[in-house]
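Student: Sequence plus the predicted model coming up.
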Amino acid sequence: VNATDEQVEKMRAAVYKFFLNKGVDPVNGLTRENWVESNRVFAEAERERERRGEESLIAMLSNAYYDVLDDDGDGTVSVDELKTMMKAFDVPQEAAYTFFEKADTDKSGALERPELVHLFRKFWMEPYDPQWDGVYAYKY
């Protein structure tokens, strides 16, 4: 990955802020019993941020990932660049193809920033749908 130290640090900070706002304690984590309620509260807070015209935490997280993924700096993410994310999460790189096919909603052959934000939002805000298992690497 050709990401700068600044981009990597921004991504780490976004991950930390995101999960802190989801109720995950940096030391103790989040109990399984509290996970559902934490997600409900987080989703309502996200909707409120959107109503106020503020950047959502999902968009913040997605944008931080996007900046790291856009390895060549052309403003889009290719399948090869997406494979980097799969490797980082220890998911087989072939998962990138399934993810890319669903995420590239305009079928341009490259992921634009709003497409990744949309996919992250779908993952964190919408009810589970098994048709997306390959996209979210559940089947790998």
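Tutor: Cool, the structure landed. Numbers count the residues shown, from 1 in each chain.
Student: The least confident helix or strand in the chain by mean pLDDT packs against which elements?
Tutor: For the chain, using mean pLDDT, DSSP states H and E, the weakest element among its helices and strands is helix 79-88, scoring a mean of 84. For helix 79-88, the packing partners by 3 or more CB pairs under 8 Å, 6 or more residues apart in numbering; DSSP states H and E come out as helix 57-69, helix 95-103. The C-beta positions use only the backbone N, C-alpha and C, and glycine is treated the same way.
Student: Mind listing what's buried along the last one?
Tutor: Within helix 95-103, the residues that count as buried by 16 or more other CB atoms under 10 Å are 95, 96, 98, 99, 100, 103.
Student: Between all of the residues you listed, which two are at the greatest distance?
Tutor: Greatest spacing in the buried residues of helix 95-103, by CB to CB: 95 and 103 (11.7 Å).
Student: picking up where we left off before, quick check: of the buried residues of helix 95-103, which lies closest to residue 59?
Tutor: Distance ranking of the buried residues of helix 95-103 against residue 59, using CB to CB, places residue 103 first at 14.9 Å.
Student: How about the closest one: what's its closest non-neighbour residue?
Tutor: Setting aside the residues directly before and after it, residue 103 is nearest to residue 119 in space (CB to CB, 6 or more residues apart in numbering), at 4.7 Å.
Student: Contact partners for residue 55?
Tutor: When contacts are counted by CB atoms under 8 Å, 6 or more residues apart in numbering, residue 55 touches residue 49.
Student: my read is it is in a helix, agree?
Tutor: No - judged by DSSP: H, G, I helix; E, B strand; the rest coil, residue 55 forms no part of a helix; its state is coil.
Student: All further residue positions should be reported with the first residue as 32.
Tutor: Okay, using 32 as the starting number, the last item reads as residue 86.
Student: would JSON lines of the helices and strands packed on helix 110-119 with distance to residue 42 be doable?
Tutor: As requested, these are exported to JSON lines (distance: least, CB to CB, whole Å):
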{"stretch": "helix 88-100", "distance to residue 42": "4"}
{"stretch": "helix 126-134", "distance to residue 42": "18"}
